[in-house]
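Student: Predicted model and sequence below, questions to follow.
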Amino acid sequence: MKVGFAIVTHQSDICPSGNDETFEFIKSIQSTVKYDYEIFLVDNQSTPKYSQDYNIDGINYTFIEDQSIAGVTGAWNLGINLAAAA
């Protein structure tokens, strides 16, 4: 069985620790999940974007340019659809 994790992240002036919290969450998944899995990270227009400086391999990363089009539910649905299609 393969597990898909759909994670939506956002960093901005309102949520300045979004990237750090996302990184810690992903590290937690990697250190505890014993099943075969994939991570689908949807960046909902973070400023700055989720940085690849976090050096996490195996993440399917998608950046949403304008979150006002579909909102957070659009980002959630995108992540779920990506995970379901994998």
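Tutor: Received the coordinates, thanks. For clarity, every value in this text was computed on a predicted model and none was experimentally measured.
Student: Run through this protein and note the low-pLDDT ranges.
Tutor: Where the chain drops to pLDDT under 70, the residues are 52-56.
Student: Could I get the full set of helices for it?
Tutor: For the chain, the helices defined by DSSP state H cover 18-32, 71-85.
Student: Let me know which of those is the nearest to Asn44.
Tutor: helix 71-85 (4.3 Å; CB to CB). (Each C-beta comes from the backbone N, C-alpha and C, glycine too.)
Student: how distant is the closest one from the center of its chain?
Tutor: 10 Å (CA atoms, centre = their mean, to the nearest Å).
Student: Tell me which residue is most central in the protein.
Tutor: Leu41 (2.3 Å; CA atoms, centre = their mean).
Student: From what I see, it and Thr9 are in contact.
Tutor: Yes. Leu41 is within contact range of Thr9, at 6.4 Å (criterion: CB atoms under 8 Å).
Student: what's the overlap in contacts for those two?
Tutor: 22, 50 (CB atoms under 8 Å, 6 or more residues apart in numbering).
Student: just to revisit the earlier point, any chance of the helices of the chain in TSV, with mean neighbour count and distance to Asn60 too?
Tutor: What follows is the helices of the chain, written out as TSV (neighbours: other CB atoms under 10 Å; distance: least, CB to CB, whole Å):
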stretch	mean neighbour count	distance to Asn60
helix 18-32	14	12
helix 71-85	15	6
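Student: Looking at these, which is nearest to Ile64?
Tutor: helix 71-85 (5.9 Å).
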